[in-house]
Each structure stands twice: as structure tokens, then as C-alpha cells.
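Trainee: 3D, please:
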Amino acid sequence: MQIFPDGYYDTGKRMPFIFTSDVFLEYNMKISRKYSVGLNATVSNVLNAKTITAYYDRPNYAMLRMTDDEILAQKTNYVDWRTLLVQNVPVNRDDPRYGLWTTRLEPWSWRAGVRFSF
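Mentor: Below you'll find the model as predicted:
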């Protein structure tokens, strides 16, 4: 079970508002009374918005292992989880990726297509 003691993803950063714009163009040509051909193109993320969509939300490399008794003792003798981490995990405590972005919107891309109708 994964527990976020300071609340889910508490780095103090908010995710930005995501705005994407796509364009779809199509041109239909009648090749006979009964048949037509449509040429189309789709351009995704036309404005090439490089909006961040996710942050790395794990503050440490190590797991803090506690017995049931230690967890229940937190109710009366509370010790902050960061203090417990310093006491119980000697090396590789902090993850330098914490709070950095992990993914962005994909760059613009396009796709062409042909549709045959009858």
C-alpha cells in the first residue's frame, strides 16, 4: 500500500491548465456519380504547447518500514515521517527527482488519410 503522509502529491506545485488545439482538414472529390474520394489531414497540438502533465511525486528512494505497534504509537507519540526517515534510513534518503516534471504534452504531429466512399 502506498501512503502519502502529507496528502497526495504535496510538493506545493499545481498542475498547469492544459490547452491543446488540433486541426482537421478534409477535401472531398467526386470521381463519379456514385463514388467519391476524400483527402484529409489531422494536425495534433498545432500550437506545440509543451505543457507539463506530471511531476515526480515520491520524495524518497527508501520505504519506511514500521511495525503495527510503531504505527499505533504514532497516535499518542507522533513523530514526523521525515524525522523517522532520517533516523531509520542512513543513505539514499532523498530522491533528487522529487518535484521535477516527468512528462509533457507531445510535440505537434500530423497524419494524412484517404477515404473512399461509395
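Trainee: CA only for contacts and neighbour counts going forward, please
Mentor: Fine.
Trainee: most centrally placed residue in the protein?
Mentor: When CA atoms, centre = their mean is applied to the chain, the residue found nearest the centroid is residue 54 (3.2 Å).
Trainee: how about it, what does it touch?
Mentor: Going by CA atoms under 8 Å, 6 or more residues apart in numbering, residue 54 touches 15, 101-104.
Trainee: 10 Å - rerun?
Mentor: Residue 54 sits next to 14-16, 99-105 when contact means CA atoms under 10 Å, 6 or more residues apart in numbering.
Trainee: which of the three states applies to it?
Mentor: strand (DSSP: H, G, I helix; E, B strand; the rest coil).
Trainee: tell me the pLDDT of it.
Mentor: On pLDDT, residue 54 comes in at 83.
Trainee: what's across from it in the sheet?
Mentor: Here residue 54 sits in beta bridges with residue 103, going by DSSP bridges.
Trainee: distance of it relative to residue 95?
Mentor: Counting by CA to CA, to the nearest Å, the separation of residue 54 from residue 95 is 16 Å.
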